[in-house]
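K.L.:
Fold the following, please.
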Amino acid sequence: MGATIESRLPGRDLSLRVASGTVLALVGLGAVHAGGGWFVALVTVIAFLLVYEWDRIAEGDGLGDMARLHGAFVGAALAVGVFGLFAVALGVVAVGAAVSWWFAAKRGLRRPWPVLAVPYVALPCLSMLWLRFDAEAGTELTYWLLVSIWATDTGAYAAGRTIGGPKLAPRISPKKTWAGLIGGVAAAIVAGGLTAWIVGLPDPLAFALVSGIVGAWSQLGDLSESAVKRHFGVKDSSNLIPGHGGFLDRLDGLLFAAPAAALAVLVGAL
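P.N.:
So this is what the prediction gives:
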C-alpha cells in the first residue's frame, strides 16, 4: 500500500500544479479582459501578497512592522497610479525605499533587503497598470506581455530538458542552462510576434523583437529571485499557491519583464 501511494504522489502533485496554474491563468486573463476595477483589484491583492512573501523571506515576518511599512507605500503608489499620476507614483516608490532604509538603519540593519521591497513589488505592478490603462491598446498590450512570459517559461523548460548542456548559473539555479535561456527567448519571439499579429497590434515584427528582450529579462527575474531564496536558505516564497509555492515563485519573471515592456512602449520601441 505504501508503495502504491508513493507512486501516485508525483501524478497528484502534477495534477494539483496544473489545476492551480489553470485557475490563476483564467483569473488573470479574465481580469485583463474586464479591466477597470477588476484589474486594479487583482493587481492590488497580488501586490500585498508579494510584500508579505518578500518580508517573510527577507525579514522573517511577513506581517511585521517592516512588512506593514512596505505594504503602506506599495498601496499608496498603486492608489496614485490608478489616477494616472505615474510620475508621482514613482516618487512614492522612491520615498518608500528611503523610509524603509531609515527604519532599517534605526534597527541597526545594514543590508539592502528593506530598501528593495517597495520598488521590487511596486514598479512591476505600476507597469502592469500603465500598460493596461493604455487608451489605444491596453488589453492587447497586456495579453502580449503575458503570453510572451508564459512562452518564455515553456520554451526555457522544454529546451533545458531536451537539450541540456552548460549550466547558466549553477551556484544560483543548478537546473537552468544556456540552452534553456536561448529556447525561452526564441519561444518569446515567436509567441510574442504571433500574439501581436492575432490581437491586431501594429508592427508584429517589432513586438517579436521586443518579446525576445522581455523573455531575457523574465529569465533574469527568475534567476534573481532564486538568488534571494538561496541567500536566505528557503525553497519557496510561501505555500499560497497549491503545487507552485508562492506568488514570488510564479511571478518572478513578470516582476522584471513588466517594467521592461512598459519602458519599451514609453520610449516608442513599440
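K.L.:
now the helices for the stretch 101-250 of the chain?
P.N.:
Counting by DSSP state H, counting those that start in this stretch, one finds helices in the stretch 101-250 of the chain at the ranges 113-132, 138-162, 178-199, 204-232, 247-266.
K.L.:
quick one: which of those helices is nearest residue 169?
P.N.:
With CB to CB as the measure, helix 204-232 is the member of the helices of the stretch 101-250 of the chain nearest residue 169 (5.7 Å). For every residue, glycine as well, the C-beta is placed using N, CA and C.
K.L.:
So which elements touch the closest one?
P.N.:
Secondary-structure packing of helix 204-232 (3 or more CB pairs under 8 Å, 6 or more residues apart in numbering; DSSP states H and E): helix 36-58, helix 138-162, strand 173-177, helix 178-199, helix 247-266.
K.L.:
could you check the angle helix 247-266 makes with it?
P.N.:
Interaxial angle of helix 204-232 relative to helix 247-266 (axes from the mean of the first three to the mean of the last three CA atoms, to 10 degrees): 140 degrees.
K.L.:
distance between helix 204-232 and the chain's centre?
P.N.:
9 Å (CA atoms, centre = their mean, to the nearest Å).
K.L.:
Just the CA trace of stretch 225-236, in CSV.
P.N.:
This file holds the C-alpha atoms of stretch 225-236, laid out as CSV (Å, rounded to 0.1, in the frame of the first residue of the first chain):
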residue,chain,number,x,y,z
GLU,A,225,14.5,35.5,-7.1
SER,A,226,16.4,32.2,-7.0
ALA,A,227,19.4,34.1,-5.7
VAL,A,228,17.4,35.8,-3.0
LYS,A,229,15.9,32.5,-1.9
ARG,A,230,19.2,30.7,-1.9
HIS,A,231,20.8,33.6,0.1
PHE,A,232,18.1,33.1,2.8
GLY,A,233,18.0,29.3,2.6
VAL,A,234,14.4,29.0,1.6
LYS,A,235,12.9,26.8,-1.2
ASP,A,236,9.6,28.6,-1.8
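K.L.:
what residues does it touch?
P.N.:
By CB atoms under 8 Å, 6 or more residues apart in numbering, the residues outside stretch 225-236 that reach it are 57-58, 171-173, 237, 245-246, 248-249, 252, 255.
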